[in-house]
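Colleague: got a predicted structure plus its sequence, pasted below:
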Amino acid sequence: MASIFTFDHDPPRVNSPWQTSQDSAKRPRVERSVSTGAIVESDQLSGAHLERLEAEPQDGPIEYKLHLLLRPRRRYNNMSTVSKVSGSQQSRPMREAKQPSQTRQNRLHHLTTQLLWRLQQSSPNHSTARRDLVIPKLPEDIADLTALEKPGQLLPGLEESNGALYEIGVADDGTFIGLTKDEMDESMTTLKVMAASLGCRVEVQRMKAVGTCEWVDNTSGSRGTVQVADLWVAEALIMPVLNLEINRNSQRANQSNATPRRGASITEQLRVSLIGPTTSGKTTLLGTLSNGTLDNGRGSSRINLLRHRHEVASGQTSVADVLASIAQELIGYEGRRIFNYNIDNINEWPDIHDRAEKGRLAFLLDSAGHPRYQRTTLRALVGWAPHWTFLCIPNEDGTPASSIHSLSSVDGALGIVSIDLAMAHLDLCLKLAIPLAILITKSELGQMATLKEHLATVFTKVKAMGRTPKLLTSPARDECNLTEVPSNDLQKIRDEVLNPIAKSGDSLSIVPVILTSAVKGIGIGLTHALLRSLPTPPIPTARDFVPLSLNPEQPAALFHIDEVFDMSLSRAQTVTASGSGESAPVVTGYLRFGKLSIGDKVVLGPFPGDQEDTDALMPNDHPPPGYGLSIPHPSSAEFARLSSRHTLSASKIEGEWRRATIVNIRDLRLPVQTIEAGQAGSIQLVFDEPAGEASNPDAVPGKPKLSVGSLRKGQVLAVPSQHMVDTGLSLQAASSLIASFKSSDVKSLAVNSLLNAYVGMVRAAVRVLRVTRQRPEFNTQNSSTEDDEYMFGMNDHVELECTKSEADLDEYQAEYHVSLELLNNREWIELGSQIVLVEGGFRDRSGLEGYVGNVIEIVE
């Protein structure tokens, strides 16, 4: 299945049937798309000689309607457009009695539902999910409906629609029937009321007289008078209105009236990263969980998750394209029900949102296991800040034939055994101190002795960190029932995992260990029970790392950017702020804290002052990785070469923050008005023109205009706090930092050595400036107490000797401060956030042997 972070660069087009019916030799074909704007035609090109259209297509965003009246049509004596005044073109005579209002209301509901379906047909990824329609209540009598023509709040799911075309006065076979002027006006009013209830507007594209008609007027004052009038057909374009002020005002009104609208997703979300060595079965297990089907032993369940031909051929997940190949999948839970692609009428993620609205959503991120792509593992563990991590360890015997991973001949063989690589993943997870569950995959293949050996190693490492491993098994195989979580498995998770965690108050205290098989169905129910029941952390705030008083520059909302996509601004997205409107990039990631809504004014950055400095730091022997390509960590020698070529540090590069306006938000593919703290999604932006640049483009000669290429992974999107607005402070971009490490291993870092640093979504090359050892606080206090001074002063012959155990304890409790300089760009780094330092260039290592610490000081 496609990732939520994949956008269609060629969205569905809305082509007018008036164009396709013309002779292609005489007239060029004109297309209407999200980026080309409305069709503008002269009178000579309005189809004056066109006698009929092609038949109405069954699918697509084009609808033919004879009329949109909410009453029966009058009876005509003669119509030049039809041979006989009967059939579908002629309705029964208007009854004397008034039609009940409910009949009109039902017809309006039917017509609006039909319009919604046509609008969804032009969306790049329209879904079949249920939507709450808010149909306006019609007056009792046939009164003026113009008061209901004002567009309301846009119905969620229509933000990306390219619109729909209505051909009014046209039969289903394309024949021009026509309406009189008063009937056409009344039909247009009905269409505007329908569109307004969905948050859309109506634009009349063309009108054409196609004939004449004759009828007897029996109204009072003109009884028996024969009336003659022209018959008209019209084409109307219905487009979503993304005018920010209209939608925000409507949202406030809906909130005050408690109308059930999808302003923000209220479903609990669990973010889980799947990590492990290659051939450990991560993607296969993810395919079984998300597709609801067992694997055939040859990778059938993972085929739908792979995006590149070379992945299908090699069986290895990679990141060899601009769009990251790392799969993300969504699974919904409500009670014991599992909502995945095995359920009828679930085709897209919004369908899962709808079904699991009162339950839970599990967002799973796959990662590449090959050592060449280990930075994707660090991205999954550090960048995405998962609530839980599932480590997949294969039940293999570790023989070279099945477990040694070799790279291409250019890179040579790493010679890393699969179980050793899995233990490196485990060590990193334990260092990061994140909630962890371990899945022993392929449990049906390995021997019992091998399984016991692997479990013993895992249990030893987990217990050494003061955490308790819990081996969970289920006697039943879930071959026949993959749509519900077994009640026995839910109870086991409750007794063995949830209750001990609740008793200790720490999610790190318990490490569940489950034996699984994607072929036999072993442990699949327990894995679903884990995803259904695991505790989620509290809503993140800006004070999670350090008190707000110590960090006044903390913004009100912070969004970490992981990917960037280039999209054009839709014709429907009329932005009130001044902006170029040429490009509206989409950034994806997760909201660290705060709240973001459509129409919010945000700042984005930091941007480098000289783009060439960023590009030049790329190694020559590897292509630029772009947004998704992963390369091995460059060696220290390579970093030294880069540093010698570009001695200008980030502190010398002037950072820049650009202002923008949010025009579109999707929360795990669900179009919403607001995204809340801790939720992952995508945000579409329109950059504001800098003051003076809009009025005078030559005000700053030689300065390049900001392009989508300037956006990159690791930047942040933020809303300045009120304190920052009042004091005139801006976000602080760091050129260097100081990090604190509790491990004594960090003292082996040499001054001027070069490393890769991972902090948040930032991956940066850094230089070690200084490593200092901090004395434990209690030693300083003890040495300064008066009692100790008096006791030692009484006997001058007492020699203070430190035993080996005391020295070891002192070393264990020591704290090391490492000063680091960013070599590339200035970055926004949150004070108190976790940082991982990784050395590169060692072919006999997994690339996961890192130093884990916390940022304690930011230097601008």
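Modeller: Now that the structure is in, tell me what you want to look at.

Colleague: longest strand of this protein?
Modeller: strand 200-217 (DSSP state E).

Colleague: so which helix or strand takes in N488?
Modeller: Using DSSP states H and E, N488 maps to helix 487-493.

Colleague: where does pLDDT dip in the stretch 401-550 of the chain?
Modeller: Where the stretch 401-550 of the chain drops to pLDDT under 70, the residues are 401-416, 476-481, 549.

Colleague: which helix or which strand is home to G681?
Modeller: Element membership of G681, judged by DSSP H and E, is strand 680-687.

Colleague: same for that strand, what does it pack against?
Modeller: Identification of packing neighbours for strand 680-687 by 3 or more Cβ pairs under 8 Å, 6 or more residues apart in numbering; DSSP states H and E yields strand 586-593, strand 601-607, strand 656-667. Backbone N, C-alpha and C define where each C-beta goes, glycine included.

Colleague: give me that answer again for 6 Å
Modeller: strand 586-593, strand 656-667 (3 or more Cβ pairs under 6 Å, 6 or more residues apart in numbering; DSSP states H and E).

Colleague: helix or strand next in line after the longest one, which one?
Modeller: This means strand 656-667. Heading C-terminal from strand 656-667 (DSSP H and E), you reach strand 670-672.

Colleague: buried ones in that following strand, by neighbour count?
Modeller: For strand 670-672, a neighbour-count test (16 or more other Cβ atoms under 10 Å) marks 670-672 as buried.

Colleague: picking that back up, any residues touching the helix or strand following the longest strand of the chain, and which ones?
Modeller: Per DSSP H and E, the first helix or strand lying C-terminal to strand 200-217 is strand 225-240. If you take Cβ atoms under 6 Å, 6 or more residues apart in numbering as the criterion, strand 225-240 is touched by 81, 154, 158, 161, 163-170, 176, 178-180, 184, 195, 200-217, 572.

Colleague: between strand 225-240 and strand 200-217, how many degrees?
Modeller: Following axes from the mean of the first three to the mean of the last three Cα atoms, to 10 degrees, one obtains 170 degrees for the angle between strand 225-240 and strand 200-217.

Colleague: residues contacting the nearest residue to S597 once chain neighbours are set aside?
Modeller: Nearest residue to S597, sequence neighbours excluded (Cβ to Cβ, 6 or more residues apart in numbering): T674, at 4.4 Å. Residues in contact with T674 (Cβ under 6 Å, 6+ apart) are 263-264, 597.

Colleague: go with 7 Å
Modeller: For T674, the contacting residues are 263-264, 595-597, by Cβ atoms under 7 Å, 6 or more residues apart in numbering.

Colleague: and G525, by the same measure?
Modeller: G525 touches 474, 478, 485-486, 489, counting by Cβ under 7 Å, 6+ apart.

Colleague: follow-up on the earlier one: which among the contacts of strand 225-240 end up buried?
Modeller: 81, 154, 158, 161, 163-170, 176, 178-180, 184, 195, 200-202, 205-208, 210-211, 213, 215, 572.

Colleague: correct me, but G599 touches I662?
Modeller: Yes: contact criterion Cβ atoms under 7 Å: G599 and I662 qualify, at 6.4 Å.
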